[in-house]
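Engineer: task: produce atomic coordinates for the following.
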Amino acid sequence: MLKRLAGLSKYIITVVFLAVTFYTVDLSWREWSQLLTEYDIAFRYVIAALAGMTFIVAVNSWKWQIAMKAQNLKPNYRRVFYHYFAGYFFNAFITGTGDIKRAIDLGREQKNYPGVMASVIADRWSGVVGQLSLGLITILMAYYKDNSLGEILSAAF
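Structural biologist: Model prediction:
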């Protein structure tokens, strides 16, 4: 019962915070609409960006869960997704804290801090290897298209 009350209080605080923020800005709905159209902000792009971000977090959560299974940890996907999203949120404000947040929280749940930390490091390194691979593929595709690797590398560096 106490856990549900704590969870409900988080939602109430969030709604109150948003209400105070919008009230403080003191714009009517018409002024908000005018502001959005003035800067040509279309909600469909915002929704598409949020959907894309959620998809990326879902895929990365699955990847992290695979790394945890290699450490003989068995959290369900829903908890992994929750902790990954919380870490994503923390990274938005203080770079590098998201990995620490998700390692500490899930380590506490699994009662295995070293195993969870190892899975976080493995997840991070798999992301680095993936990005380096994409960069290498891009450079090679540009080279084979133009046959001018020297120009590409000199422009990059």
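
Engineer: what about this structure, any weak spots by pLDDT?
Structural biologist: 1-2, 6, 27, 38-42, 145-157 (pLDDT under 70).

Engineer: gap between the residue positioned nearest the centre of it and residue 58?
Structural biologist: The centre of the chain sits closest to residue 88, judged by C-alpha atoms, centre = their mean, with a distance of 3.6 Å. Counting by C-beta to C-beta, to the nearest Å, the separation of residue 88 from residue 58 is 11 Å. Where you see a C-beta, it was placed from the backbone N, CA and C, and this is true even at glycine.

Engineer: kindly report the same for residue 127.
Structural biologist: Taken as C-beta to C-beta, the span from residue 127 to residue 58 is 15 Å.

Engineer: how far is the biggest helix by length in the chain from where the chain is centred?
Structural biologist: Secondary structure of the chain per DSSP state H: the longest helix is helix 113-146. Distance, stretch centre to chain centre, for helix 113-146: 16 Å (C-alpha atoms, centre = their mean, to the nearest Å).

Engineer: pull out the buried residues from it.
Structural biologist: Within helix 113-146, the residues that count as buried by 16 or more other C-beta atoms under 10 Å are 115, 116, 117, 118, 119, 120, 122, 123, 142.

Engineer: what's the closest of those residues to residue 134?
Structural biologist: residue 142 (12.6 Å; C-beta to C-beta).

Engineer: any chance you could map the helices in the chain?
Structural biologist: With DSSP H as the criterion, the chain has helices spanning 2-25, 29-38, 43-70, 77-93, 97-110, 113-146, 149-156.

Engineer: what's the spacing between the first one and its chain's center?
Structural biologist: It stands for helix 2-25. On the basis of C-alpha atoms, centre = their mean, helix 2-25 sits 22 Å off its chain's mean C-alpha point.

Engineer: cool, the fourth one as well?
Structural biologist: With C-alpha atoms, centre = their mean as the basis, the distance from the averaged C-alpha position of helix 77-93 to the chain average is 7 Å.

Engineer: cool, and the second one?
Structural biologist: Taking C-alpha atoms, centre = their mean, one finds helix 29-38 lying 29 Å from the centre of the chain it belongs to.

Engineer: what angle do that helix and helix 43-70 make?
Structural biologist: For helix 29-38 against helix 43-70, the angle by axes from the mean of the first three to the mean of the last three C-alpha atoms, to 10 degrees is 80 degrees.

Engineer: format the CA atom coordinates belonging to helix 29-38 as CSV.
Structural biologist: The C-alpha trace of helix 29-38 is given here as CSV (Å, rounded to 0.1, in the frame of the first residue of the first chain):
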residue,chain,number,x,y,z
TRP,A,29,-4.2,28.3,-25.5
ARG,A,30,-4.4,30.7,-28.5
GLU,A,31,-1.0,32.2,-27.6
TRP,A,32,0.5,28.7,-27.3
SER,A,33,-0.9,27.7,-30.7
GLN,A,34,0.4,30.9,-32.2
LEU,A,35,3.8,30.3,-30.7
LEU,A,36,3.9,26.8,-32.1
THR,A,37,2.8,27.9,-35.6
GLU,A,38,5.2,30.9,-35.5
